[in-house]
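Trainee: My questions concern the predicted model and sequence given below.
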Amino acid sequence: MDMQHLLFALLIASVLHAASCDSTVDATTATAYDILEQNNLPRGLLPLGVKSYVLHQGAMEVTLPGLCDFNVTLAGQQYTIRYDRTVGGVIRPGSLTQVYGARIQLAFDFPAFDQVDRVGDQLKIHGGDNNFFKTMSFPVSNFAQSHKCN
């Protein structure tokens, strides 16, 4: 490939990258928590202590210091949410899809969940294809602030 074609390819790649980025996000200063809030999701979906994140065309991957458990309460019952060291998914306004690295404790098991949707003042956590649960709803207020890992 000659130099003109290479420069043209780089220019096109730069334009496409700029077009795919959310213009309200300043990539140099935005945190993973900011990205959640800019997509109408509460910052408390991520625990305190995010080490880094990568956002590429809507796919977001977050690195935590290690395995992280924290508790949320629903109707007087405590649930433990567990995140692996790396957690991620595809973020869009009001939803996270293709979630990986995240589980919720039900009885003595930690089934994975694969989607989170904001519906008004509720967060709906979807269990996907597991046999433990299909959907659980939590008040958004349970995730208003980031939780400290246990």
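Mentor: Great, that's in hand. Numbers count the residues shown, from 1 in each chain.
Trainee: Direction included, what does the lengthiest strand in the chain pair up with?
Mentor: In the chain, with assignment by DSSP state E, the single longest strand is strand 77-92. Strand 77-92 pairs in its sheet with strand 59-63 (antiparallel), strand 68-74 (antiparallel), strand 95-104 (antiparallel), by DSSP bridges.
Trainee: which of the residues in it are buried?
Mentor: Burial within strand 77-92, assessed by neighbour count using 16 or more other C-beta atoms under 10 Å, is assigned to 79, 81-84, 87-89, 91. Just so you know, the C-beta spots here come from the backbone N, C-alpha and C atoms, and that holds for glycine as well.
Trainee: Which pair in those residues has the greatest spatial separation?
Mentor: Greatest spatial distance among those (C-beta to C-beta): Tyr79 and Ile91, at 22.5 Å.
Trainee: Pull the contacting residues for the nearest residue to Ser141 once chain neighbours are set aside.
Mentor: Excluding the flanking residues, the one nearest Ser141 by C-beta to C-beta, 6 or more residues apart in numbering is Asp121, at 7.3 Å. When contacts are counted by C-beta atoms under 8 Å, 6 or more residues apart in numbering, Asp121 touches 139-141.
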